[in-house]
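# please work out how this folds:
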Amino acid sequence: MYWFQRLSAVCAIALLAVAGNNAFARLEPGTKAPAFTLSDINGTEHSLKEFLGRKVVVIMFIATQCPVSNAYNERMEQLEVDYGARGVAFVGINSNKQESLEEVRDHARKHGFTFTVLKDPGNRVADAYDAQVTPEIFLLDSQGILRYHGRIDDSRDVQDVTSKDLRNALDALLAQKDVPRAETKAFGCTIKRIR
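Okay, the predicted model is just below:
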């Protein structure tokens, strides 16, 4: 019995060690989003607080090398075009360790992104938000409260989209209504972290 108790204790310590490396509080709809300050692709610092001056803030964890994230490049830019003038701030955050600032800058310019793109060195903001994949969306109201978390829509292939989840959430918030579905399952490539 003694060996079993020792084995159980060792397993528990190992599990705690693993959890300690990935022990980020899950951000739930209705809770305040963590503040952050990051530099954009041109070296200018931006804080979450400055974006909260808008009616709504859409934080999009994105990538340069992920085919799923890249399948959404045009849709992300179109969202900026359609909602930017209506008081919505769109912020792209790249947290992947293998994607350099230069690569992120070139990618944003190549795809004509007009929204702000930030680099998250050391994946600190991805960790604070517990973002797991690209693309992954966190929609905040003007007080910084998370109102929607998940996917942009339900298909990587634009012709197969049947549920425009982010647009539905944006339309509801701008109309000062409750978001119809506060959480969906984001899908894409895992964020490659520095542990």
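# in this structure, which residue is most central in space?
residue 61 (3.4 Å; CA atoms, centre = their mean).
# any chance of the backbone angles for that one?
phi -80, psi 120 (degrees, to the nearest 10).
# over to residue 39?
The phi and psi values for residue 39, taken as degrees, to the nearest 10, are phi -90, psi 150.
# show me what contacts it?
45, 46, 118, 119 (CB atoms under 8 Å, 6 or more residues apart in numbering). (Glycine included, C-beta is placed from N, CA and C.)
# emit the PyMOL select command for whichever of these are buried.
The PyMOL selection below is limited to those of the contacts of residue 39 classed as buried (16 or more other CB atoms under 10 Å):
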select buried, resi 118+119
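# now tabulate the contacts of residue 39 in a markdown table and tack on secondary structure, pLDDT and distance to residue 179.
Below are the contacts of residue 39 laid out as a markdown table (DSSP: H, G, I helix; E, B strand; the rest coil; pLDDT from 0 to 100; distance: CB to CB, whole Å):
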| residue | secondary structure | pLDDT | distance to residue 179 |
| --- | --- | --- | --- |
| 45 | strand | 98 | 30 |
| 46 | strand | 98 | 25 |
| 118 | strand | 98 | 24 |
| 119 | strand | 98 | 29 |
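# low-confidence ranges in the chain?
Applying pLDDT under 70 to the chain picks out residues 1-25.
# correct me, but residue 71 touches residue 156?
Yes: with contact defined as CB atoms under 8 Å, residue 71 counts as touching residue 156 (4.7 Å).
# which SS class is residue 152?
Three-state assignment for residue 152 (DSSP: H, G, I helix; E, B strand; the rest coil): coil.
# next, count neighbours for it.
Residue 152 sits with 25 neighbouring residues when counted by other CB atoms under 10 Å.
# try residue 103
17.
# correct me, but it touches residue 64?
Yes: with contact defined as CB under 8 Å, residue 103 and residue 64 form a contacting pair (5.3 Å).
# shared neighbours, the two?
In contact with both residue 103 and residue 64: no residue, using CB under 8 Å, 6+ apart.
# phi first, then psi, for the closest residue to residue 32 other than its chain neighbours.
Excluding the flanking residues, the one nearest residue 32 by CB to CB, 6 or more residues apart in numbering is residue 144, at 5.3 Å. Backbone torsions of residue 144, given as degrees, to the nearest 10, read phi 80, psi 20.
# my read: residue 144 touches residue 52, true?
Yes: judged on CB under 8 Å, residue 144 makes contact with residue 52 at a distance of 5.5 Å.
# helices along the chain, start to end?
In the chain, the segments counted as helices under DSSP state H are 2-21, 48-51, 67-71, 73-83, 101-110, 124-129, 165-174.
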